[in-house]
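In: starting from these lines, generate the structure:
(one chain, ligands or ions: 1)
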Amino acid sequence: LESLDVERLREDFPILERELDGKPLVYLDNAATTQTADPVVDAMSDYYRRYNANVHRGIHHLSQEASIAYEEAHDRVAEFVGASGGREEMIFTKNTTESENLVAYAWGMRELGPGDEVVLTEMEHHASLVTWQQIAERTGADCTYIQIDETGRLDMDHARECITDDTAMVSAVHVSNTLGTVNPVSELVDIAHDHDALAFIDGAQAVPNRPVDVEAIDADFYAFSGHKMAGPTGIGCLYGKAHLLEEMEPYLYGGGMIRKVTFEESTWGDVPWKFEPGTPPIAEAVGLHAAVDYLEEIGMDRIRDHEEELAEYAYERLAAEGDIEIYGPEPGPDRSGLVGFNLESVHAHDLASIMNDHAVAIRAGDHCTQPLHDRLGVAASARASFYLYNTREEVDALVDAIDSARQLFA
Ligand SMILES: Cc1ncc(COP(=O)(O)O)c(CN[C@@H](CS)C(=O)O)c1O
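Out: Now for the predicted structure:
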């Protein structure tokens, strides 16, 4: 595969030209949110400037243009993740978290009861862990957690023990936002289906960074966010198999999601609209469509390879320091483009704030995976996460900034 022309791609992200106190910005917090590609900003500006209108409601020309753009964005995003059902398998939400809640409430609240089990993993993000924990509490179901092993991978023997005929749902992260672990999601889905359980895959750290084919994985539900894939904030996606979304009742009500309303009762519109009440994120959908076009033109396999190369280089440089603990698998197909670590005797928050003094932006904290940090035996971790526009020189800047922190606390 031809490597990325990073210098050329960086021109699409003017923010990367910024200097902070005279130092060039080194943005390494892409797992939190990526920067927004110029074609995305241009597409959203064009919408607001030329065909801004509400969707599905107006007879007038602008509303028709906006409606078509909004509907086609569903088809385009569905195609991007291999959903052959198009818009009938692609719901737009606010973010991955809301996508998770949609399944938990619209499916979980109706289908789960005492004796049912929801099987999660120890590396789940709070978006799934807290959500299923609360739904289980309300329905009388139980949550169990597939353990991670000492390398930060899932213990698949334990997975086969946890997933039984009492399991109603398996909910697992495709790529861990803390460990960088790439999980064997197809295998997890197969085990779930062998026990007539459904499978929800949290793809927030996968869809932006690697090719994803939801039908090859055979997930029943798959969630991700626009802002992590060079797209806008305020829009998330939920893929769902058509027959499941057809059967599911909505859990948010209002205009745009109904077919007929009387004083006595209401009936619902078609999928995805029945799950999209009120005025939806129209400009964001236009922006996400542009983001998908932008990423696909670059090539998701090339983006994956670029990120994995940077993560491998970062892993090797950090490991060579001798006083840095790195979490998650060694570089390779089981590790994505992020590295979680701690510098001996320096709290992650202190480290990140000193790195900020050097204009190096990383994340520090629990990354919304507090139970995982308990499992790792640390209160917090630092994390460098890469994207298509990062460079090896920026990894060197990361290591140099860490060294400044080491000197300061020596
Ligand atoms: C695996 C995973 N699952 C769900 C989410 C939530 O995405 P939202 O778009 O915020 O709803 C995230 C977002 N993780 C950010 C914020 S905590 C991070 O810095 O790692 C995630 O990484």
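In: would you mind listing the buried residues in stretch 259-270?
Out: 268-269 (16 or more other Cβ atoms under 10 Å). Where you see a C-beta, it was placed from the backbone N, CA and C, and this is true even at glycine.
In: hey, C-alpha coordinates of it in PDB?
Out: In PDB, the C-alpha atoms belonging to stretch 259-270 read as follows (Å, rounded to 0.1, in the frame of the first residue of the first chain):
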ATOM      1  CA  ARG A 259     -47.200   8.100  10.700                       C
ATOM      2  CA  LYS A 260     -50.600   9.000  12.200                       C
ATOM      3  CA  VAL A 261     -51.600  10.700  15.400                       C
ATOM      4  CA  THR A 262     -55.000  10.900  17.000                       C
ATOM      5  CA  PHE A 263     -56.100  12.000  20.500                       C
ATOM      6  CA  GLU A 264     -56.300   8.300  21.300                       C
ATOM      7  CA  GLU A 265     -53.100   6.800  19.800                       C
ATOM      8  CA  SER A 266     -50.200   7.200  17.400                       C
ATOM      9  CA  THR A 267     -48.400   5.100  14.900                       C
ATOM     10  CA  TRP A 268     -44.800   5.300  13.800                       C
ATOM     11  CA  GLY A 269     -43.000   6.200  10.600                       C
ATOM     12  CA  ASP A 270     -40.500   4.100   8.700                       C
END
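In: got the domain ranges for this structure?
Out: If you go by automatic domain parsing, the domain ranges for the chain are 6-30+299-409, 41-296.
In: can you add mean pLDDT and give these back as JSON lines?
Out: Putting the domains of the chain into JSON lines (pLDDT from 0 to 100) gives the following:
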{"stretch": "domain 6-30+299-409", "mean pLDDT": "97"}
{"stretch": "domain 41-296", "mean pLDDT": "98"}
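In: redo these as TSV? Include distance to the ligand.
Out: Below are the domains of the chain laid out as TSV (distance: least, Cβ to the nearest ligand atom, whole Å):
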stretch	distance to the ligand
domain 6-30+299-409	4
domain 41-296	3
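In: tell me the most buried of these?
Out: domain 41-296 (a mean of 20; mean count of other Cβ atoms under 10 Å).
In: quick check: end-to-end length of that domain?
Out: Using Cα to Cα, to the nearest Å, one end of domain 41-296 lies 17 Å from the other.
In: pull the residues that contact stretch 287-304.
Out: 1-4, 9, 12, 36-37, 39-44, 69, 72-73, 76-77, 80, 208-212, 226, 229-232, 235, 237, 336-337, 387-388 (Cβ atoms under 8 Å, 6 or more residues apart in numbering).
In: what about the strands in the stretch 101-250 of the chain?
Out: 117-121, 142-146, 167-173, 198-202, 221-225, 236-240 (DSSP state E, counting those that start in this stretch).
In: let me have those in TSV, extended by distance to residue 332.
Out: Conversion of the strands of the stretch 101-250 of the chain to TSV gives the following (distance: least, Cβ to Cβ, whole Å):
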stretch	distance to residue 332
strand 117-121	20
strand 142-146	21
strand 167-173	18
strand 198-202	21
strand 221-225	23
strand 236-240	27
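In: and of those strands, who's closest to residue 353?
Out: strand 221-225 (26.4 Å; Cβ to Cβ).
In: that closest one vs strand 198-202, what angle?
Out: Our comparison of strand 221-225 with strand 198-202, counting by axes from the mean of the first three to the mean of the last three Cα atoms, to 10 degrees, yields an angle of 10 degrees.
In: so residue 16, which state does it fall into?
Out: helix (DSSP: H, G, I helix; E, B strand; the rest coil).
In: quick check: closest non-adjacent residue to the residue nearest the centre of the chain.
Out: Nearest residue to the geometric centre of the chain (Cα atoms, centre = their mean): residue 204, 0.9 Å. Of all residues not flanking residue 204 in the chain, residue 96 sits nearest, at 4.3 Å (Cβ to Cβ, 6 or more residues apart in numbering).
In: quick one, what contacts that neighbour?
Out: Applying Cβ under 8 Å, 6+ apart to residue 96 gives the contacts 127, 202-204, 223-225, 236.
In: I'd like to know which of those is nearest to residue 320.
Out: For the contacts of residue 96, the nearest to residue 320 is residue 204 (30.5 Å; Cβ to Cβ).
In: correct me, but residue 222 touches residue 198?
Out: No. Applying Cβ atoms under 8 Å as the test, residue 222 and residue 198 come out as separate, 11.7 Å apart.
In: and the pLDDT for residue 1?
Out: The model reports residue 1 with a pLDDT of 64.
In: so which of the strands of the stretch 101-250 of the chain comes closest to residue 403?
Out: Set against residue 403 and scored by Cβ to Cβ, the strands of the stretch 101-250 of the chain come closest in strand 167-173, at 32.1 Å.
In: strand partners of the closest one, parallel vs antiparallel please.
Out: Partners of strand 167-173 in the sheet, by DSSP bridges, are strand 117-121 (parallel), strand 198-202 (parallel).
In: please, where are all the helices along the stretch 101-250 of the chain?
Out: Here the stretch 101-250 of the chain has its helices, by DSSP state H, counting those that start in this stretch, at 109-111, 126-139, 156-162, 185-194, 214-217, 242-247.
In: now for the nearest residue to residue 20 once chain neighbours are set aside: which residues touch it?
Out: Spatially, and ignoring its direct neighbours in sequence, residue 20 is nearest to residue 359 (4.0 Å; Cβ to Cβ, 6+ apart). Shown in contact with residue 359 (Cβ under 8 Å, 6+ apart): 19-21, 23-26.
In: if anything else comes up later, I'll come back, but that's it for now.
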